[in-house]
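[1] Need coordinates for the following:
(one chain, ligands or ions: 1)
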Amino acid sequence: IYNTSIPHSKDVIKIGTLLPYSGVYTVLGEEITNAMSLAFDEINNTISGKTIEIIRGDTEVKPNIALQKSRKLISSDKVDILVGPVSSSVALAVRDIVVQTKTPLIIPNAGANILTGEKCSKFITRISFSNYQINAPMGKWLANKGIKTAFLLAPNYAAGKEMMTAFKDNFIAAGGKVLGEEYTPFRKTKDFGPYLARIKDSGADAVYVFYAGGEAINFIKQAHSFGLSDVMKLTGAGWTTSPLFLPAQKDAAVGFIGSLNYVPSINTEDNINFKKSYYEKFKRLPSEFAVQGYDSGKVIIEAIKSVSGDISNKDNLADAIRTVSIT
Ligand code: PHB
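    Take a look at the predicted model:
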């Protein structure tokens, strides 16, 4: 009679993913999910006596589909936490429903700048990067390395635009000149031939690009057979030659200069251990996408531990996610 609190009867913690399991970013979605499940396997899928259940939502890299999936995960499956997405446009599409329903969202990849800027919310925590962050330093760095002119190429959606803007502003401020820029139809471009010809004709010192997934593989292979690196430097956001795409790109990727939030060669004890357990389970080196999935899992584990498994209060859970610390 004195205890008026409603007991939280759930003994399952439901993690919904909003990730691409089909479409141009499929391998990224699978890599993030794999690595997150590795983090959960390490603790036998149990936190504070509760079992973790992952419910997959395939965004198909389409904002409208992702919005439908987020409604299903939140209202029907009643997930406690969402993890995703990969695409900036998808992230922008699900932003409001997540905040309105107070469903904590951990973003393992999508870099849309405003989600941690003017549209930030305590229910949204990004454990990776913003599109600005990865690309801005390259503007100054390449200019200081003697690159005077550049041509920009990226997919025509939020991430491509934001990354090129970040590069461009800093490149120009450091004395560089942009000779041209093209935005390719996102998810639809397979033939980069016409763009490669225009890039070459520009006579720029460097091309600065961003691609990921299937588009990164196609672009790098086609730029190689076209001989673009014979006439200019290939530079850009480092995902373009991610370790995840190298098995398909092979030698065509050699010489690309990019910046990134992670490389597998980092020589710390934590990274060496991570690489070993990832290799044991998946038989390949982890990419930055794997790290982002693993870190998402780690943050979830630490956050739930810090509220002693009581995830009934969404405000407390969101606060916990924002304050935990992981390596
Ligand atoms: C994004 O859409 O924000 C995005 C997608 C793939 C990447 C990086 C950023 O590799």
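
[2] Would you work out how far apart the start and end of stretch 73-84 are?
    Terminal residues of stretch 73-84 are spaced 12 Å apart (Cα to Cα, to the nearest Å).

[3] ah, wrong one, I meant stretch 95-106
    OK, stretch 95-106 end separation, Cα to Cα: 11 Å.

[4] On the three-state scheme, the residue nearest the centre of the chain is what?
    With distances taken as Cα atoms, centre = their mean, the chain has residue 109 as the residue nearest its mean C-alpha position (2.0 Å). Recorded secondary structure, residue 109: coil (DSSP: H, G, I helix; E, B strand; the rest coil).

[5] okay, it: pLDDT?
    As predicted, residue 109 sits at a pLDDT of 97.

[6] can you tell if the longest helix seen in the chain touches the ligand?
    Criterion DSSP state H: the longest helix present in the chain is helix 288-306. No. Under the criterion of Cβ under 6 Å from any ligand atom, the ligand is not reached by helix 288-306; the shortest gap measures 7.4 Å. The way it works is simple: take the backbone N, C-alpha and C, and place the C-beta from them, glycine included.

[7] got the residues of the stretch 201-327 of the chain near the ligand?
    212, 239.

[8] Next, the buried residues of the longest helix of the chain.
    288-304, 306 (16 or more other Cβ atoms under 10 Å).

[9] Over to stretch 173-184?
    Buried, per 16+ other Cβ under 10 Å, within stretch 173-184: 176, 178-179, 181-184.

[10] So residue 190 is in contact with residue 221, correct?
    No. Residue 190 is beyond contact range of residue 221, at 11.2 Å (criterion: Cβ atoms under 8 Å).

[11] With neighbour numbers in mind, choose between the two.
    Taking neighbours as other Cβ atoms under 10 Å, residue 190 and residue 221 compare with residue 221 leading, 17 against 11.

[12] what's the more buried one in contact with, if anything?
    By Cβ atoms under 8 Å, 6 or more residues apart in numbering, the residues touching residue 221 are 248-249, 252.

[13] Please apply the same query to residue 87.
    Counted by Cβ under 8 Å, 6+ apart, residue 87 has contacts 20, 25, 59, 61, 63, 110, 157-159.

[14] can you tell me how far residue 255 sits from residue 189?
    23 Å (Cβ to Cβ, to the nearest Å).

[15] oh, I was asking about residue 147
    25 Å.

[16] quick one, which of the two is more surrounded?
    residue 147 (23 against 19).

[17] How about the helix or strand where residue 161 lies and the ligand, touching?
    If you go by DSSP states H and E, residue 161 is part of helix 158-173. Yes. Using Cβ under 6 Å from any ligand atom, we find that helix 158-173 touches the ligand at residue 159.

[18] Could you identify the helix or strand that succeeds that helix?
    Helix 158-173 is succeeded, C-terminally, by strand 177-184 (DSSP H and E).

[19] Now do that next one: everything it contacts.
    Taking Cβ under 8 Å, 6+ apart as the rule, strand 177-184 contacts 148-156, 160-161, 164, 168, 171-172, 192, 195, 198-199, 202-204, 215.

[20] Tell me the buried residues within these.
    For the contacts of strand 177-184, buried by 16+ other Cβ under 10 Å: 149-155, 160-161, 164, 168, 171, 192, 195, 199, 202, 204, 215.

[21] doesn't residue 57 make contact with residue 70?
    Yes. Counting by Cβ under 8 Å, residue 70 touches residue 57, with 7.0 Å between them.

[22] Mutual contacts of these two, please.
    Common neighbours of residue 70 and residue 57 are listed as 16, 18 (criterion: Cβ under 8 Å, 6+ apart).

[23] how about the helices of the stretch 201-327 of the chain, start to end?
    213-226, 228-231, 246-249, 269-282, 288-306, 314-323 (DSSP state H, counting those that start in this stretch).

[24] Please produce CSV containing those helices, extended by distance to residue 261 and mean pLDDT.
    Formatted as CSV, the helices of the stretch 201-327 of the chain follow (distance: least, Cβ to Cβ, whole Å; pLDDT from 0 to 100):
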stretch, distance to residue 261, mean pLDDT
helix 213-226, 16, 98
helix 228-231, 25, 98
helix 246-249, 17, 97
helix 269-282, 13, 96
helix 288-306, 6, 98
helix 314-323, 19, 97
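
[25] Can you tell me which of these is nearest to residue 78?
    Proximity to residue 78 (Cβ to Cβ) singles out helix 314-323 among those, at 11.7 Å.
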